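Colleague: Predicted structure and sequence below. I'll ask about it afterward.
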Amino acid sequence: MAPKALALGLVPFFALAGCATPPPVTKAPPQQCKSTPCNVTVTETGTWPSNYLDLPDEIQVSTTPITIIWKLSAPSSTYLNPGKPIEFDTDAFKCRIVAGEPDPQRPRSYECTDEAAKGKYKYKVKTKGWWSPPDLDPYVVNN
């Protein structure tokens, strides 16, 4: 009887787990950054648990140094991670909360000065909040 009860108890768990879908790959065209500052809009699409961040998968930079500003256009319950919302694996990007941000504990905009050499640099976009979407891993491409 115990194995049957256990099996019946797990059915709803697996049924619900199957409903969660991974975030779709963004289809936004690359964004061209030719002058500073370059504004990148980050939106939240969908509802929990299948909500996701949407922004260009590539930001193409034609000249450095350039300042890139990510602006979150999402419900007020989601905000950029106050620690490191935009995180590169290199020190060539100097990042900080945008000056004048009304609530630094719940930032909605963040900027990085790109001083990197030519190449493709992966970064993470991280949010927090009630039902915040999963992190996203797009690129900055310096041409």
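Modeller: All right, it came through fine. Computed from a prediction, not measured in an experiment: that's the story for all the values here.

Colleague: Could you tell me how many residues sit around residue 81?
Modeller: When neighbours are counted by other CB atoms under 10 Å, residue 81 registers 19. Using the backbone N, CA and C atoms, a C-beta is placed for each residue, glycine as well.

Colleague: Repeat that for residue 65.
Modeller: 12.

Colleague: excluding its backbone neighbours, what's nearest it?
Modeller: If the residues on either side of it in the chain are set aside, residue 65 comes closest to residue 115, at 4.8 Å by CB to CB, 6 or more residues apart in numbering.

Colleague: What's the separation between that neighbour and residue 50?
Modeller: 37 Å (CB to CB, to the nearest Å).

Colleague: likewise residue 92?
Modeller: 35 Å.

Colleague: Looking only at neighbour counts, state which of these two leads.
Modeller: Taking neighbours as other CB under 10 Å, residue 92 and residue 50 compare with residue 92 leading, 18 against 14.

Colleague: How about the more buried one: what's its closest non-neighbour residue?
Modeller: In space, residue 92 comes closest to residue 116 once its chain neighbours are excluded; the distance is 3.6 Å by CB to CB, 6+ apart.

Colleague: got it, and residue 119?
Modeller: residue 142 (5.9 Å).

Colleague: how many other residues sit next to the one you found?
Modeller: 20.

Colleague: Got phi/psi on it?
Modeller: phi -90, psi 120 (degrees, to the nearest 10).

Colleague: Beta-bridge partners for it, please?
Modeller: residue 61, residue 119 (DSSP bridges).

Colleague: quick one on the thing from earlier: show me the contacts for the residue nearest to residue 65.
Modeller: Residues in contact with residue 115 (CB atoms under 8 Å, 6 or more residues apart in numbering) are 64-65, 92-94.

Colleague: Now do the helices in this protein.
Modeller: Ranges of helices in the chain, per DSSP state H, are 2-17.

Colleague: Grab the most central residue of it for me.
Modeller: residue 125 (2.9 Å; CA atoms, centre = their mean).

Colleague: who's in contact with that residue?
Modeller: Applying CB under 8 Å, 6+ apart, the residues near residue 125 are 42, 53, 55, 70, 80, 85-86, 135-138.

Colleague: Run through the protein and note the low-pLDDT ranges.
Modeller: 1-27 (pLDDT under 70).
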